[in-house]
Every structure is written in structure tokens, then in C-alpha cells.
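Novice: give me a model of this one.
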Amino acid sequence: VRDAAFDLLRRRGLTTLFANPGSTEIPFLTGMPDDLEFVLGLHEGSVVGMASGYAIGRGEPALVLLHTTAGLGNAVGALATARVNRAPLVVAVGQQDRRHLSFEPFLAGRLDGLAGEYPVRVEQPARAQDVPAALERAFHAAATVRGPALVIVPMDDWEAPADEAREPAALLGSVLRATEPDAAAVDALAAFLAEATAPAVVVGAGADDPATWAALVEVAERLVAPVFQEAFGARAGFPQDHRLFAGVLPADRAQLRSVLSPYDAVLVVGAPAFRQAGYAPGSLTEPGTRLALVSDDPEEIYRSPVQVAVLAPPAGVCHELAGRLPRRDTAPPEPARRAPAPTPPAPGEQLRASHVLAALAERLPRDAIVLEESPVDRPELQHRLPAREPLGYLSAAQGGLGFAIPAAAGLRMALPQRPVVAIVGDGSALYQIQGLWSAARYQAGPLYVILSNGGYTIMDRLAERHGGAGPWPGLEELELATIARSFGCAARRITTHEELVSALDEVVPTLGSRDAPLLLDVAIAPTSSFVP
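Specialist: Sure, this is the predicted structure:
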């Protein structure tokens, strides 16, 4: 069974294994073939985060190995993030020996359901010989539904003889996804937009690929319509340096209604309509605003109150739609305004997040991938660091912290030619700081920029918006550079603007070729305001 599984993994390109194993995985791992690469994470959240970055970077499923109840339990938050980020993962979970599971021995796991509804599929092979087929089905589920698919494997299954006399109980060929859109669906969208006098476009993570970007540029230019990015989107759905890009939608209903009120028809592509944060009363849009949605995710469609919905890959739909839209003869909207770079701090004055982000904006190359996990500074980051190429921006769509540090390493493993910069708050960094060890050990070379404000500033600002103060202490004693060096990751503490500029001028030109990660622990003043 083990040999048959290795053959399957090779055939499906699952030759890099992200793992934090235990005793139940020893029969699978001992003497692993040299053509399979083993990548160790020091915590299961780091394992799944690295694999998610790797899968997103390659656009193909990645392989994860977890250790029974403790391993899967520790990974659940990261698996939830992978599901909402649509990262395709094949996750093998070890189990105690099948022959005495009925006695619930030490390390036996009650694994079915432990990850809740976040896996796109859970396989529990009825017998050892069904393990390769279960892995095959998990691969197809991960690839087609775009999320984590679990296979629970008792440890003795790997050493059982394969059953070569039977069919494998799984599809061994390719799953071909139709991309040609239905003509009637495109006609319906064209008619929807033809009735508009003031159209707008909203894009999301599901539109983040070169073909969809190109098609949406043509749609927007024919409509002469502003293009907004969804709130809390994990990826950018449109080139954010384009003259028609209008900024990121607010996550507050009242502000959302105000922003969209000038438009009588809004085409949403690759995003739900609309993602929010805290509850607020009232409708999402004014009564005169009609909504249409294009997505290949049925869940986005089910929860979106729209007049027209097309369930199909956005690239093909938008390409066909552009060909049916006449060019509107109207003045273009005002381009999104970008604040000028702040003046350097005066002597004795602390750096602010705006200084760091502006310095990065002046230096990062066009193809840089920016990972964001600094919640209080997200609005300014999105304003100052527009995504100019597909996969130019990435964040944890589910909202849980601990994604950026390991995902940056996984992205560099998948896309070694692209510069990767993770901008992370000091509080956020603590959730998966162990990921720095893997980045250093496996020679992934992202740049980690830690915005060290000495506390949970996002929580402070949210408490203030709620009318008071929270009971949590500050984090002034922490020094992330010291922690990073203890994990083998080179690090520098930055306290002045001169140090910041000097470090970035030295490091940024090397980001596309470096294999050693570097962490810049930048001491900043806490951001004083936050509007979600």
C-alpha cells in the first residue's frame, strides 16, 4: 500500500511533503524515497500555512501529513484559513493501528469531524488496500473544490499488501474543467449592463489570475466604470495601478451604501456580494442599485443577494462579456487618490507604520508578492502597496492570525523567482513564529517586516470604538529580532528612519534571488485610529 501510495503521489505531482509527524506516521516515513522532499514545520499551523502558500503559488494541490488527534486539532485553524483562501491541500492524517482501534488505544484519534466542515472531503478507507484510491479522490476534491481534503490512515495500512487484482476505485485520469461560458449566461450579463447608466465593477480573490485580470480590464474600459476591490479580500482581482481602480470597499454597511450609491448596476466578479466585518443595520446597497455576480464558487453565489448570478469560471465569462459590450462614450471616473509619502520622523520621534509602508512602496519591484497580517495597518497597506501583478497581494481570508509567516516561506518555495515580503504585526507574528525556522532550514528567502508597536493595537482600537479599554496588557518586552535569531533566521532591530531606508536599499534588490530569509523588527508607534 505504501509503495502504491508513493506511485500515486509521484503521478499527481505531490512530491513535496509538509509535515509535523509523530509515531503513527513512522511506517509511512521511515526510508522515504529520495525523490520525495520532506519539509518539517515545528507546529501544525506552520505546516498547513507553508503548504497553503506553496499550493497557492503553484496553483496545484500540496501534500500535508499530520499526527492523529493532536496534529489535526492543532491544524484546524490553519485548515479553516486554507478553505476560505481556496488553497488545495491533500492532508493525510495518521491514526493508531487498525487492528486494535476498537479498544481505543493510546494515540487513537476521534478524527472524523474534528476539523468540522472546513475540509472539502474526508476519506476513511474501509480497508488498507483502499488508501491509494482515497488519496486519489482527495486529490481531485482538493483540486476541483479548492480546499483541504483529508485522508485518515491507520498506521498498519501502509505495510499491508496492495490489491492489484481490483480496480482502484478512483479516477486515474484527468478531470477536465470546462471553461467555455454558456452563451445565454453571457447574454444575461450583457443585458444587465446595457440597462445601466452608471455601472461599477467589484472584484475579489476569485478573479486573481492573469486571464481574468486581462478580461476585467477590457470589461472595465468598455464600460468606463470604476473597479473596486472587495473588503477583506484575500487576493487582488484587478491591477490596482490601473486608472479605473477606485480602491477597496469599506466593510461597514453604511459606508458601503454610500460608496455604491452613485451606481445603478454593479457587476461583482470573484467575490461575494458583499463581505462585511461587524454587524450594522440596513441594507447593503441603496434600493436603486442592481447587482450581478460571476463566480465559480457556489457558496459565494448562495449567500449573495443579487439579481443575476453566473456560476462559471470568471475568466471565460468576462472575456466573452467584453466582446459583447459597446464602448460607452462617457468621461472616466476620478482615479483613486494616493496620499503622498509622509515626511521622515523628526529626531527623537518614533517611526510610524506609514513610514515603513511608504519606504517599501518606493522600493518593491512590480512583481513582488506582499503578504499582509497587520490588521490595524491593513487599510494603509492596501492604499500604499497596490497589487500590480496577479498574486501581488495575499492575506488570510478567514481572518485568523498565523498565516503570513509560514505562507511566505511556502510561496518562495513554489515561486523562487518572485520577491516575497510578509508585513506582519508583532502580535500577529507570535501565532506562528516557529515558521521562521522552516524558512531558514529549507532556504526560502522571504523578507519579513514586523511592525512592532508593542501591543495588540488592533484590539485597543476596537475596544475604543466599543467605548472603553480592554483588559489585556501590552507586549513591550517582546523583541521579535531576538526570537527570530533563536530560530536560525537572520534578523535586525530597526528603530530609526535611516536604519530602515538603509536596510531596505540593501535587501530589496536581492529579494528575487536570495535563499536566506531576513526579518526586520521595526519599532513603530501604535497606530492611533482604525476604520475597518
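Novice: CA atoms for contacts and neighbours, from now on please.
Specialist: OK.
Novice: quickly find the element holding the residue lying closest to Val501 once chain neighbours are set aside.
Specialist: Distances taken as C-alpha to C-alpha, 6 or more residues apart in numbering put Ala359 closest to Val501, at 6.9 Å, once the chain neighbours are dropped. Per DSSP states H and E: Ala359 is located in helix 353-363.
Novice: which residues touch that helix?
Specialist: 341-344, 377, 380-381, 384-385, 451, 497, 500-501, 504-505, 508, 524-525, 527 (C-alpha atoms under 8 Å, 6 or more residues apart in numbering).
Novice: next structured bit after that helix?
Specialist: Next helix or strand after helix 353-363 toward the C-terminus (DSSP H and E): strand 369-373.
Novice: just the strands in the stretch 101-250 of the chain please.
Specialist: 121-123, 148-154, 199-203, 227-229, 245-248 (DSSP state E, counting those that start in this stretch).
Novice: if you count neighbours, what's buried in the last one?
Specialist: For strand 245-248, burial by neighbour count (16 or more other C-alpha atoms under 10 Å) applies to Phe245, Ala246, Gly247, Val248.
Novice: look up how far Phe106 lies from the third one.
Specialist: The one in question is Gly247. 54 Å (C-alpha to C-alpha, to the nearest Å).
Novice: follow-up on the earlier one: what's the closest of the buried residues of strand 245-248 to Arg10?
Specialist: Nearest to Arg10, judged by C-alpha to C-alpha, of these is Val248 at 41.5 Å.
Novice: count of neighbours near the closest residue to that closest one other than its chain neighbours?
Specialist: The shortest distance from Val248 to any non-neighbouring residue, by C-alpha to C-alpha, 6+ apart, is to Gln229 (4.5 Å). By the measure other C-alpha atoms under 10 Å, the count of residues near Gln229 is 26.
Novice: mind checking pLDDT for Gln229?
Specialist: Note on Gln229: pLDDT of 97.
Novice: do I have it right that it meets Gly247?
Specialist: Yes. At 6.1 Å, Gln229 counts as touching Gly247 under the criterion of C-alpha atoms under 8 Å.
Novice: quick one on the thing from earlier: residue contacts, the residue nearest to Val248?
Specialist: The contact partners of Gln229, by C-alpha under 8 Å, 6+ apart, come to Val202, Val203, Gly204, Ala236, Gly237, Phe238, Ala246, Gly247, Val248, Leu249.
Novice: got the end-to-end distance for stretch 404-422?
Specialist: Start-to-end span of stretch 404-422 (C-alpha to C-alpha) is 6 Å.
Novice: for that stretch, the averaged confidence score.
Specialist: Averaged across stretch 404-422, pLDDT comes to 97.
Novice: again, but for stretch 270-278
Specialist: On average, stretch 270-278 scores 90.
Novice: host element of Ala439?
Specialist: Using DSSP H and E, Ala439 maps to helix 435-441.
Novice: just checking, what packs against that helix?
Specialist: When contacts are defined as 3 or more C-alpha pairs under 8 Å, 6 or more residues apart in numbering; DSSP states H and E, helix 435-441 sits against helix 404-414.
Novice: just how off-centre is the helix it packs on within its chain?
Specialist: When distances are taken as C-alpha atoms, centre = their mean, to the nearest Å, helix 404-414 is centred 11 Å away from the chain's centroid.
Novice: and that helix, what does it pack against?
Specialist: Against helix 404-414 (3+ C-alpha pairs under 8 Å, 6+ apart) you get helix 44-58, strand 369-373, strand 420-425, helix 435-441.
Novice: what's the angle between the second one and strand 420-425?
Specialist: Angle, strand 369-373 to strand 420-425, by axes from the mean of the first three to the mean of the last three C-alpha atoms, to 10 degrees: 20 degrees.
Novice: quick one, helices of the stretch 51-200 of the chain?
Specialist: With DSSP state H, counting those that start in this stretch as the criterion, the stretch 51-200 of the chain has helices at 68-84, 131-141, 183-194.
Novice: most tightly surrounded among these?
Specialist: Among the helices of the stretch 51-200 of the chain, the stretch with the highest mean neighbour count (mean count of other C-alpha atoms under 10 Å) is helix 131-141, at a mean of 25.
Novice: what angle separates that one from strand 148-154?
Specialist: With the same axes, to 10 degrees defining the directions, helix 131-141 sits at 170 degrees from strand 148-154.
Novice: which residues touch helix 131-141?
Specialist: Contacting residues not belonging to helix 131-141 are listed as 1, 4-5, 8, 12, 61, 89-90, 120-125, 147, 149-151, 153, 157, 168-172, 175 [C-alpha under 8 Å, 6+ apart].
Novice: same deal with stretch 187-196?
Specialist: So stretch 187-196 is in contact with Pro199, Asp264, Ala265, Ala292, Val308, Leu321, Arg324, Leu325, going by C-alpha under 8 Å, 6+ apart.
Novice: can you rerun that using 10 Å?
Specialist: For stretch 187-196, contacts defined as C-alpha atoms under 10 Å, 6 or more residues apart in numbering pick out 184-186, 199-200, 223, 263-267, 289-294, 307-310, 317-318, 320-326, 328.
Novice: hmm, which of these are the buried ones?
Specialist: Among the contacts of stretch 187-196, those scoring as buried are 185-186, 199-200, 223, 263-267, 289-294, 308-310, 317-318, 320-322, 324-325 (criterion: 16+ other C-alpha under 10 Å).
Novice: out of those residues, which sit inside helices?
Specialist: Ala185, Val186, Leu223, Val317, Cys318, Glu320, Leu321, Ala322, Arg324 (DSSP state H).
Novice: the fifth one and Leu311: what is the separation?
Specialist: What that stands for is Cys318. Distance, Cys318 to Leu311, using C-alpha to C-alpha: 12 Å.
Novice: name the residues contacting each of the two.
Specialist: Common neighbours of Cys318 and Leu311 (criterion: C-alpha under 10 Å, 6+ apart): Pro181, Val294.
Novice: wait, a helix at Asp515?
Specialist: No. Using DSSP: H, G, I helix; E, B strand; the rest coil, the secondary structure at Asp515 is coil, not a helix.
Novice: quick check: it touching Gly445?
Specialist: Yes. Here Asp515 reaches Gly445: they are 4.2 Å apart, a contact under C-alpha atoms under 10 Å.
Novice: coming back round to it: of all the contacts of Gln229, which comes closest to Asp367?
Specialist: Nearest member of those to Asp367, counting by C-alpha to C-alpha, is Ala236, at 13.2 Å.
Novice: can you report how many residues neighbour that closest one?
Specialist: If you count neighbours by other C-alpha under 10 Å, Ala236 ends up with 31.
Novice: mind listing what it touches?
Specialist: So Ala236 contacts 203-209, 213, 228-230, 248, 270, 382, 386-395 (C-alpha under 10 Å, 6+ apart).
Novice: which of these are buried? Put it as a ChimeraX command.
Specialist: Those of these that count as buried under 16+ other C-alpha under 10 Å are selected in ChimeraX with:
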select :203,204,205,206,207,208,209,213,228,229,230,248,270,382,386,387,388,389,390,391,392,393,394,395
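Novice: among the contacts of helix 353-363, which ones are buried?
Specialist: 344, 377, 381, 384-385, 451, 497, 500-501, 504, 508, 524-525, 527.
Novice: could you dump the one helix or strand in the chain whose mean pLDDT sits lowest to CSV, C-alpha only?
Specialist: Across the helices and strands of the chain, mean confidence by mean pLDDT, DSSP states H and E is lowest for helix 457-465: a mean of 87. Taking Å, rounded to 0.1, in the frame of the first residue of the first chain, the C-alpha atoms of helix 457-465 are listed here in CSV:
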residue,chain,number,x,y,z
THR,A,457,-3.1,47.6,18.9
ILE,A,458,-6.0,46.4,16.7
MET,A,459,-7.7,45.2,19.9
ASP,A,460,-7.0,48.5,21.6
ARG,A,461,-8.6,50.4,18.7
LEU,A,462,-11.6,48.1,18.5
ALA,A,463,-12.2,48.4,22.3
GLU,A,464,-12.1,52.2,21.9
ARG,A,465,-14.7,52.0,19.1
